[in-house]
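# attaching a predicted model along with its sequence, questions to come.
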Amino acid sequence: MNFKVPIFDVKNLNFKVDNQNILSNISFEIFKAEYIAIIGPNGGGKTTLVRMLLGLEKPTSGEVKIYGQKLKDFKEWYKIGFVPQRASHVDVNFPATVEDIVKMGRISKRKLFSKSLKKDIEAVNDAMLKMDVYDLKDKMVGNLSGGQRQRVMCARALASHPEILILDEPNTGVDVVSQNRFYALLRKLNQEDKITIVFITHDVGVIADDIARLFTVNEKITVCNDPKKMMSCDDMSKLYGIDAHLIHNHRHEH
Amino acid sequence: MLEMFQYDFMQRAFLVGIVIAILASISGTFVVLKRYSLMSETLAHSALVGVAVALVAGYSPMWIALIIAVLSAWLIEYLRSYFSLYSDSVLAILLSGSLAIAVIIISLGESFNNSLMSYLFGSILSVSDDDVFYILLFGGLSLVALLTFSKELYFIAYDEEVAQTSGIKVKALNFLLVTVVAVIISLSIRVVGSLLIGALMVIPTVTALQFKKGFFYTVVLSVIFAILSVISGMTFSFYFSLPSGATIVLSILSIFIISLVVNKR
């Protein structure tokens, strides 16, 4: 596996709002096919960090490089799939079938004035199959359960054949059975399709066996390179005010 | 019913009306989904400033209305994306500001009350051959722009930030949409009138949304409802000598109410 060129290269990132530090001195790299979980207390800056990776927020200082390029020069956004926090809270009246939503994922790949090709249809069907939502394709998204919607949003992100998937707590308000099903699908994407996954979650214990590294974000970042040895991470997490039970809540105990 | 087509002005009014119905309902779909319904009202009032200026200065109202509506659309989008103002307050401020300016200009030149009425509420008598030509030309261009970028605009309406992270030029396309909407509104003031065009943009889509279909069928339904209301509105306008904008809006309102009843569970 090529671990040489990082997908994300973040150096000395700072973010201030009204002179208050939200993120201080953040540096890390994310490599191909890694599975990274980001945890941290609410208001600790996890979402802000991810928004800066995606260019939705500009850092006060520091730099984000993506595939070796500065964010503003980066053009191949189809390589990045983003599933936002509100994935499971969709406007119920929005006129969209599951297929409509997943098709949106192909737009970043399309060239102007080219029609929807066979390739697009295949990619959309493939993404729906992968996330177990193919049978729902003609249903209105507004009528789906939280867990189904979450998988649809993920299928949309997968339709552009991304190399990295960034998920910001897409599982808020989703029941445990659906969540575990979702985690299993993510594991498969990471292990079989070698898709890099960056996952902001409150539920790190359940996916502890899947992840390669654990980032704890609370203004500063702490990188835990061996999440299976939870003790050292556990101590760190306590330092940053995170409930230890999140980490002890291991999948095998479920 | 066919006797009304013996008149040239009716043929022109119907042609223009149907073109406007198609344009207003397609652009209206994006406007409604972006929670921008008030924008069409605001731009219509800006267009009214153009009409007032043109009537006082003796220019063609459609052109001046078009220029002022487009400038106003850009101002709205600029304020919305570069300042952290609530977009509905921006719209409300511009709406009343435009109306105030229009009223002052209108009061300064007192001699055109009749023609003003037709620009406020629409008139099937007033469509000239020149109007038809320019409405087809600019309407055609607007339609091409909307259809070319319909997928992107739909995505932006669904989730602006996720669209941006997919590499879609959100700001540029938002400017494109408001420009096209401003153009369509200016073209519409002849037959629908500047105070009523907002309804023709918003109500067909809101009606179509009642049927809870996907994107494609929602747009198709909204176009059908808009065309139906323009045809029936103009027919009423012809036989009862009423302002066409008002009869069109009442027609689309009736369709909306029927759809509410039909879709009530």
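Structure's in. What do you need? Since this is a predicted model, take the numbers as computed values, not measurements.
# quick check: residues of the stretch 51-200 of chain A near chain B?
Residues of the stretch 51-200 of chain A lying near chain B by Cβ under 8 Å from any Cβ of the partner chain: A:54-56, A:75-78, A:80, A:82, A:84, A:93-97, A:99-101, A:103-105, A:107-108, A:110, A:112-113, A:138, A:140, A:142, A:160. All C-beta spots, glycine's among them, are computed from the backbone N, C-alpha and C.
# show me chain A divided up by domain.
Annotated domains of chain A cover A:1-75+A:210-231, A:86-174 [automatic domain parsing].
# what's the spacing between the longest one and its chain's center?
With Cα atoms, centre = their mean, to the nearest Å as the basis, the distance from the averaged C-alpha position of domain A:1-75+A:210-231 to the chain average is 12 Å.
# quick check: mean pLDDT across that domain?
The average pLDDT for domain A:1-75+A:210-231 rounds to 87.
# kindly report the same for stretch B:65-80.
The average pLDDT for stretch B:65-80 rounds to 91.
# for it, list every residue counted as buried.
B:A65, B:L66, B:I67, B:I68, B:A69, B:V70, B:S72, B:A73, B:I76, B:E77, B:L79, B:R80 (16 or more other Cβ atoms under 10 Å in any protein chain shown).
# what about the residue in the stretch 1-150 of chain A that chain B sits nearest to, how many residues close to it?
Closest approach of the stretch 1-150 of chain A to chain B (Cβ to the nearest Cβ) occurs at A:W77, with a separation of 3.0 Å. By other Cβ atoms under 10 Å in any protein chain shown, 20 other residues sit near A:W77.
# what's around the residue lying closest to it once chain neighbours are set aside, how many residues?
In space, and not counting its chain neighbours, A:W77 is closest to B:G167: 3.0 Å by Cβ to Cβ, 6 or more residues apart in numbering or on different chains. For B:G167, the count of nearby residues is 19 (other Cβ under 10 Å).
# which residues touch B:G167?
Going by Cβ atoms under 8 Å, 6 or more residues apart in numbering or on different chains, B:G167 touches A:K75, A:E76, A:W77, A:Y78, A:S108.
# now with 10 Å?
Residues near B:G167 by Cβ atoms under 10 Å, 6 or more residues apart in numbering or on different chains: A:G55, A:F74, A:K75, A:E76, A:W77, A:Y78, A:K79, A:I80, A:I107, A:S108, A:K109, A:S160.
# circling back to that earlier point, now, the residues of the stretch 51-200 of chain A next to chain B that are in helices?
A:E99, A:D100, A:I101, A:K103, A:M104 (DSSP state H).
# quick one on the thing from earlier: pull out the buried members of the residues of the stretch 51-200 of chain A next to chain B.
Listed as buried from those are A:54-56, A:77-78, A:80, A:82, A:84, A:94-97, A:99-101, A:103-105, A:107-108, A:110, A:140, A:160; burial here means 16+ other Cβ under 10 Å.
# which residues of the stretch 101-250 of chain B lie near chain A?
Proximity of the stretch 101-250 of chain B to chain A, by Cβ under 10 Å from any Cβ of the partner chain, involves residues B:148-149, B:151-152, B:154-168, B:205-206, B:208-219, B:221-222.
# of those residues, select the buried ones using a ChimeraX command.
For the buried members of these, the matching ChimeraX selection, counting by 16+ other Cβ under 10 Å, is:
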select /B:149,151,152,154,155,156,157,158,159,160,162,163,164,165,166,167,168,205,206,208,209,210,213,214,215,218,219,221,222
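# now, the residues of the stretch 101-250 of chain B next to chain A that are in helices?
The helices, defined by DSSP H, take in B:148, B:151-152, B:154-158, B:160-165, B:205-206, B:208-209, B:215-219, B:221-222 from these.
# which stretches of the chain form helices?
No chain was given, so I picked chain A. For chain A, the helices defined by DSSP H cover A:46-53, A:98-104, A:118-130, A:146-158, A:176-191, A:230-239, A:245-248.
# oops, wrong one, chain B.
Under DSSP H, chain B gives helices at B:8-33, B:37-57, B:61-82, B:87-108, B:113-121, B:129-148, B:150-158, B:160-165, B:170-188, B:197-209, B:215-240, B:244-262.
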